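**Student:** what follows is a predicted protein model with its sequence.
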Amino acid sequence: MSETTQWVTQLLERHARVATGQTAPAPDALKALNSLQLADAIVDKGQLNSAYPDHALQVAIIGPTQSGKSTLVNLLLDSQAATISALAGFTVHAQGYASGYEEDQLQLLTTMMEPLQRVPAAELNAADLETYVLEPAVPGPQALLNPAVVWDTPDFDSIDAGTYKRAVMNTVAIADIVVLMVSKDKYGDKSVWDILQLIHPLQQPLLVCINKLDPQDEQAVLQAFSSRYQQQFETPVPPVILLPFVRRNSPGQRVSMPHETRQALGAALAAARAQVNRGAAIQTGQAFITQHRDQWLAPLVQEQSAASSWSDLVTSAMSRAEDQYARDYLNNPDKYETFNRALAELLTLLEVPGLAAVFTRTRQLVTWPARKLLGVGRDALGSRFEGARSKTPVDQDAETLERVLDSTLVSLQGSLLDQPQQQAFWAAMTQAFRKREPDIRQSFLTQSERVRKEFEPQIDEAARRLYEQLQAQPALLNTLRAARVTADAAGIALALKSGGIAPADLVLAPAMLSVTTLLTESALGKYLDTIKAELKERQRQHINDRLLQGLLATELRQLSATLPEDALFAQGLEPELHSELLKQLTGKGSRR
């Protein structure tokens, strides 16, 4: 049972952590937490039953405030073991009283009560709710239970009950017999029927005591309780013991119970004891876990669904980004400059042998990337062109990618605001997006420059392939070389006047025009178009792989993994819990 249900403990820790961070957890969240606490203790009870099937009999007295639980503990043991108070909610710790068992038997219960810590009764502190008491008790001659460990428990209906509900759940799980103690004023309360609904699947022997009754009210109360029980459950009504109202003159005074009532209570306890079946309890405990599994995993499923939706939003945004880059740059003749750079490199390759020294300065001026051209021009002509800073050539590729980034981030921010912000995942995602956006932007711009630099060899390769084709046609090659030499002087003048050359106007406009015209009208025209199309496709793929998908999409998708764990359920799942969640998501959840 421990191997198949380790995820229960892991999931309980997550529910408890999230609930602790909430000012007012939702009712469904509290129900899930309570049932998980019970299930976690049930797992330990199953291990205890398997390893020590004859361990001490456990009887848990549960009930709302002022129902008389502590009084009933003393009645069952015929002692004054449990402290009685007229103050509502006086008992806030689980307190076990062992009659007829040695300490070694009590030590077996330590794991069952975790994370609560055992302390002596004298050291109980109302401010420390993570403790419990388990001490020997000397039964009186009229004890109705001996040997047994009888547990007095905190209430489950007061305003503060949520802070010590773990003590109630642990003692219910540890119990072989559950005694529900209610007063005539509270037997119909929702909290009473909620706890009955919760523990009913465990099929523990159950005894109901309705306290503080006047004789004339007994039958009406019994009928009302029995009728409601039959409506809510399909099992027979458990034994109901009606306890009269008994006034004590002092807190330490023993409660005197009518002989018939004591006999009925003793007989009901004996019958319940005979029904204890620890072997069957293991199976019902597993069935309890299966019954509540969907409810417990629901917040994780919701978060996984939201994370998947976020991934889909990123996928859609990246598809639009790719389309925008293709539309605004690759397929825009007014912006696309990459092939011009390849042709500029081709002009360098076309240089006539022997004239290289003449055009060395020309190449310095036109060396790609264009951002360096302005600096070279200023260095060549001195401080007279210091004002040329305002004429820095625009890198159309870089500018387009920055616009793509802006559009993508704005689109995703709008998509986030359209999501239900009352869900913790989307609220956390919106906050994380706003916090990380500047870093994502800076990372993108830095990577953009690096990625475009990485693509330079592809441009050189396109020029080389064109030149190799020209070498196979000497007449055309010589014609192109002649056109290049004629145009170089005009190119130098253009570079000097501008202080730099924009790639869109790249290199020696006259030379570019001459070479392009000759190539287009030659037999290499179709090959030129092929090289241009291939270069576009390679650039599209390169930008997509290394920048849009490789960086931007990755960082955006990873945002969901950086959300704070204290407010979410599904962050950093343990292997066992992750496996159980996968079963749930794929419809293969256990129905053990």
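**Tutor:** Here it is on my side, so go on. Numbering: from 1, shown residues only.
**Student:** low pLDDT regions in the stretch 51-200 of the chain?
**Tutor:** Along the stretch 51-200 of the chain, segments meeting pLDDT under 70 span 84-90, 159-164.
**Student:** equivalent analysis for the chain, please.
**Tutor:** Within the chain, the stretches with pLDDT under 70 are 1-3, 84-90, 159-164, 246-255, 350-393, 476-478, 480-525, 588-592.
**Student:** for it, longest helix please?
**Tutor:** helix 278-325 (DSSP state H).
**Student:** and it, what does it pack against?
**Tutor:** If you count contacts as 3 or more CB pairs under 8 Å, 6 or more residues apart in numbering; DSSP states H and E, helix 278-325 packs onto helix 6-20, helix 27-51, helix 396-417, helix 424-454, helix 525-543, helix 554-558, helix 575-585. C-beta: built from backbone N, CA, C; applies to glycine.
**Student:** now the angle from the third one to helix 424-454?
**Tutor:** Using axes from the mean of the first three to the mean of the last three CA atoms, to 10 degrees, the inter-axis angle of helix 396-417 relative to helix 424-454 is 170 degrees.
**Student:** against which helices or strands is helix 396-417 packed?
**Tutor:** In terms of contacts (3+ CB pairs under 8 Å, 6+ apart), helix 396-417 is packed against helix 278-325, helix 424-454.
**Student:** that older thread, can the helices and strands packed on helix 278-325 go into TSV with extra columns for distance to Asn331 and mean neighbour count?
**Tutor:** As requested, those are arranged in TSV below (distance: least, CB to CB, whole Å; neighbours: other CB atoms under 10 Å):
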stretch	distance to Asn331	mean neighbour count
helix 6-20	49	19
helix 27-51	52	20
helix 396-417	11	17
helix 424-454	18	16
helix 525-543	8	16
helix 554-558	25	16
helix 575-585	41	17
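**Student:** switch those over to a markdown table; also include distance to Gly266.
**Tutor:** Listed next are those as a markdown table, based on distance: least, CB to CB, whole Å:
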| stretch | distance to Gly266 |
| --- | --- |
| helix 6-20 | 37 |
| helix 27-51 | 26 |
| helix 396-417 | 65 |
| helix 424-454 | 52 |
| helix 525-543 | 84 |
| helix 554-558 | 65 |
| helix 575-585 | 45 |
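**Student:** now the helices and strands packed on helix 396-417 in TSV, with distance to His200?
**Tutor:** TSV is the format used below for the helices and strands packed on helix 396-417 (distance: least, CB to CB, whole Å):
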stretch	distance to His200
helix 278-325	10
helix 424-454	31
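**Student:** quick one, which of those helices is nearest to Pro205?
**Tutor:** Set against Pro205 and scored by CB to CB, the helices and strands packed on helix 396-417 come closest in helix 278-325, at 10.3 Å.
**Student:** the inter-axis angle of that closest one versus helix 525-543?
**Tutor:** If you take the same axes, to 10 degrees, helix 278-325 sits at 140 degrees to helix 525-543.
**Student:** how far off centre is the longest helix of the chain?
**Tutor:** From the chain centre to the centre of helix 278-325 is a distance of 9 Å (CA atoms, centre = their mean, to the nearest Å).
**Student:** next structured bit after it?
**Tutor:** helix 338-349 (DSSP states H and E).
**Student:** between helix 525-543 and that next one, find me the angle.
**Tutor:** For helix 338-349 against helix 525-543, the angle by the same axes, to 10 degrees is 120 degrees.
**Student:** can you name every helix or strand that helix 338-349 contacts?
**Tutor:** Looks like helix 338-349 contacts helix 456-471, helix 509-521, helix 525-543 (3+ CB pairs under 8 Å, 6+ apart).
**Student:** export the ones you listed to JSON lines and tack on distance to His15?
**Tutor:** Formatted as JSON lines, the helices and strands packed on helix 338-349 follow (distance: least, CB to CB, whole Å):
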{"stretch": "helix 456-471", "distance to His15": "54"}
{"stretch": "helix 509-521", "distance to His15": "69"}
{"stretch": "helix 525-543", "distance to His15": "45"}
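**Student:** to Val192, which of these lies closest?
**Tutor:** Nearest of the helices and strands packed on helix 338-349 to Val192, taken as CB to CB: helix 525-543 at 66.3 Å.
**Student:** what does the closest one rub up against?
**Tutor:** Contacts with helix 525-543, where a contact means CB atoms under 8 Å, 6 or more residues apart in numbering, come from 322, 325-326, 330-331, 336, 338-339, 342, 401, 451, 454-455, 458-459, 462, 465-466, 469, 519-520.
**Student:** hmm, 10 Å instead?
**Tutor:** Identification of contacts with helix 525-543 by CB atoms under 10 Å, 6 or more residues apart in numbering yields 321-322, 325-326, 329-331, 336, 338-339, 341-343, 397, 400-401, 404, 448, 451-452, 454-455, 458-459, 461-463, 465-466, 469-470, 516, 518-520, 522, 524, 548-550.
**Student:** so which of the helices and strands packed on helix 396-417 is nearest Pro258?
**Tutor:** helix 278-325 (33.7 Å).
**Student:** what angle do that closest one and helix 575-585 make?
**Tutor:** Using the same axes, to 10 degrees: helix 278-325 against helix 575-585 is 80 degrees.
**Student:** tell me the domain ranges of the chain?
**Tutor:** Domain segmentation of the chain under automatic domain parsing yields 58-275, 332-561.
**Student:** could the ones you listed go into TSV alongside distance to Leu48?
**Tutor:** Output for the domains of the chain, formatted as TSV (distance: least, CB to CB, whole Å):
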stretch	distance to Leu48
domain 58-275	6
domain 332-561	36
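**Student:** of all those domains, which one is nearest Glu303?
**Tutor:** Between those, domain 332-561 lies closest to Glu303; by CB to CB that is 4.9 Å.
**Student:** would you map the strands across the stretch 1-150 of the chain?
**Tutor:** 58-62, 95-99, 117-118, 131-136, 148-152 (DSSP state E, counting those that start in this stretch).
**Student:** now render those strands as CSV, adding distance to Phe444 and mean neighbour count.
**Tutor:** Converted to CSV, those look like this (distance: least, CB to CB, whole Å; neighbours: other CB under 10 Å):
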stretch, distance to Phe444, mean neighbour count
strand 58-62, 60, 26
strand 95-99, 62, 25
strand 117-118, 52, 14
strand 131-136, 54, 18
strand 148-152, 62, 28
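**Student:** tell me which of the helices and strands packed on helix 278-325 lies nearest to Ala81.
**Tutor:** Closest among the helices and strands packed on helix 278-325, using CB to CB: helix 27-51, at 23.2 Å.
**Student:** quick one: distance of that closest one to the chain centre.
**Tutor:** Relative to its chain's centre, helix 27-51 lies at 23 Å (CA atoms, centre = their mean).
**Student:** quick one: Val172 and Pro154 touch, right?
**Tutor:** No - Val172 is beyond contact range of Pro154, at 11.7 Å (criterion: CB atoms under 10 Å).
**Student:** quick check: neighbours shared by those two?
**Tutor:** Ile62.
**Student:** so Trp151 bridges to which residues?
**Tutor:** Applying DSSP bridges to Trp151 gives these bridge partners: Ala60, Gly96.
**Student:** contacting residues for it?
**Tutor:** Listed by CB under 10 Å, 6+ apart, the contact set of Trp151 reads 58-62, 69, 73, 82, 94-98, 132-134, 167-168, 170-172, 174-175, 178-179.
**Student:** now it: how far from Ala167?
**Tutor:** Look at Trp151 and Ala167: by CB to CB, to the nearest Å, they are 9 Å apart.
**Student:** need the overlap of contacts for those two.
**Tutor:** Ala94, Gln95, Tyr132.
**Student:** rebuild those as CSV, extending it with distance to Leu556.
**Tutor:** Formatted as CSV, these follow (distance: CB to CB, whole Å):
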residue, distance to Leu556
Ala94, 49
Gln95, 54
Tyr132, 49
